[in-house]
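Peer 1: fold the following.
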Amino acid sequence: MGPLALVGSGEYTPAMLEVEAGLIAGRPPRYVQIPTAASAEGPERLAYWVQLGQAQAARLGVEAVPLVVRTREEAADPTIVAQVAGAGLIYLSGGNPTLLARVLRDTPLWSAIVAEWQAGAALAGCSAGAMAMAALVPDLREPGHPGEPGLGLLPHIRVLPHFDRMLDWVPDVLTRPYYRADGGHLVGIDEDTAIVGGPETFTVAGRQSAWLLRDGRRHEYKPGEQLTLAR
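Peer 2: Numbers count the residues shown, from 1 in each chain. From the prediction side, this is the model:
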């Protein structure tokens, strides 16, 4: 399997260039970028993500392969699915995690992504992309919503992205049932920061820290430090 990266924020930006360079190093120079999580925000926002990804690929000196997938029908389109083949890095960018999970879950596109990762491609998810890899994805915008089944790749991990700002945006987030549930590791990942490796042992990379939230305490892991999230 290739490496995994769960990212708090900053996909396709100069701040995360070193992380993305490390993910694709030694792999085919083909960078598949999937902005599905932002697909409900309109064509201008999708175009923004495509252009941002293309700019990062240019900085890395690799081919950008943007896959604008907005529906489950598109996620089953053989022409789209075929473009995942030969990827060195596949990236699920930010937006709405429940929408991302709903569109990709149990589709030919997601199966192709997992197959490429198992064959050695790197797989990254930023913010919504990181949250969607869990077994269940909470709806941070609607606290009464039960959430959405996730992509299930990392059922033992629950991610709080933008962690250095999240508690200002959603002060009660850690008291919500999803984040108080037993049976999984709750990890806060600051902006412009990633945990890389997996599926169990990760190394912190980027500008800030990752946090393991357990028993009402926060355990900080700084860049270069490892954390183990056993299944």
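Peer 1: so what does whatever helix or strand Tyr48 lives in touch, helix or strand wise?
Peer 2: If you go by DSSP states H and E, Tyr48 is part of helix 43-60. Helix 43-60 sits against helix 17-24, strand 30-34, strand 63-66, with contacts defined as 3 or more Cβ pairs under 8 Å, 6 or more residues apart in numbering; DSSP states H and E. C-beta here means a position set from N, CA and C on the backbone, and glycine is covered the same way.
Peer 1: how close does the nearest residue to Val62 once chain neighbours are set aside get to Ala122?
Peer 2: Closest residue to Val62 apart from its sequence neighbours, by Cβ to Cβ, 6 or more residues apart in numbering: Pro29 at 3.8 Å. Counting by Cβ to Cβ, to the nearest Å, the gap from Pro29 to Ala122 is 12 Å.
Peer 1: which residues do the two both contact?
Peer 2: Counting by Cβ atoms under 8 Å, 6 or more residues apart in numbering, the contacts common to Pro29 and Ala122 are Gly88.
Peer 1: show me which of these two is the more surrounded one.
Peer 2: Counted by other Cβ atoms under 10 Å, Pro29 and Ala122 do not tie: Ala122 has more neighbours, with 25 against 15.
Peer 1: in contact with that one, which residues are there?
Peer 2: By Cβ under 8 Å, 6+ apart, the neighbours of Ala122 are Gly2, Pro3, Leu4, Ala5, Leu23, Ile24, Arg27, Gly88, Leu89, Ile90.
Peer 1: do Gln208 as well
Peer 2: Counting by Cβ under 8 Å, 6+ apart, Gln208 touches Gly8, Asp164, Asp190, Glu191, Asp192, Thr193, Pro223.
Peer 1: identify each buried residue in the worst-scoring helix or strand of the chain on mean pLDDT, please.
Peer 2: When the helices and strands of the chain are scored by mean pLDDT, DSSP states H and E, helix 177-180 comes last with a mean of 69. Neighbour counts over helix 177-180 (16 or more other Cβ atoms under 10 Å) mark Tyr178, Tyr179 as buried.
Peer 1: buried residues in stretch 52-61?
Peer 2: For stretch 52-61, using 16+ other Cβ under 10 Å, the buried residues are Leu52, Gly53, Gln54, Gln56, Ala57, Leu60.
Peer 1: can you put those residues in a markdown table and add pLDDT and distance to Ala37?
Peer 2: A markdown table is the format used below for those (pLDDT from 0 to 100; distance: Cβ to Cβ, whole Å):
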| residue | pLDDT | distance to Ala37 |
| --- | --- | --- |
| Leu52 | 97 | 14 |
| Gly53 | 98 | 13 |
| Gln54 | 98 | 18 |
| Gln56 | 98 | 17 |
| Ala57 | 98 | 19 |
| Leu60 | 98 | 22 |
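Peer 1: in a helix, Gly125, correct?
Peer 2: No - going by DSSP: H, G, I helix; E, B strand; the rest coil, the assignment for Gly125 is strand, not a helix.
Peer 1: burial of it, as a residue count?
Peer 2: If you count neighbours by other Cβ under 10 Å, Gly125 ends up with 30.
Peer 1: hey, what's it bridged with?
Peer 2: Leu6, Leu92 (DSSP bridges).
Peer 1: what sits against it?
Peer 2: Contacts of Gly125 (Cβ under 8 Å, 6+ apart): Ala5, Leu6, Val7, Tyr91, Leu92, Met131, Ala132, Met133.
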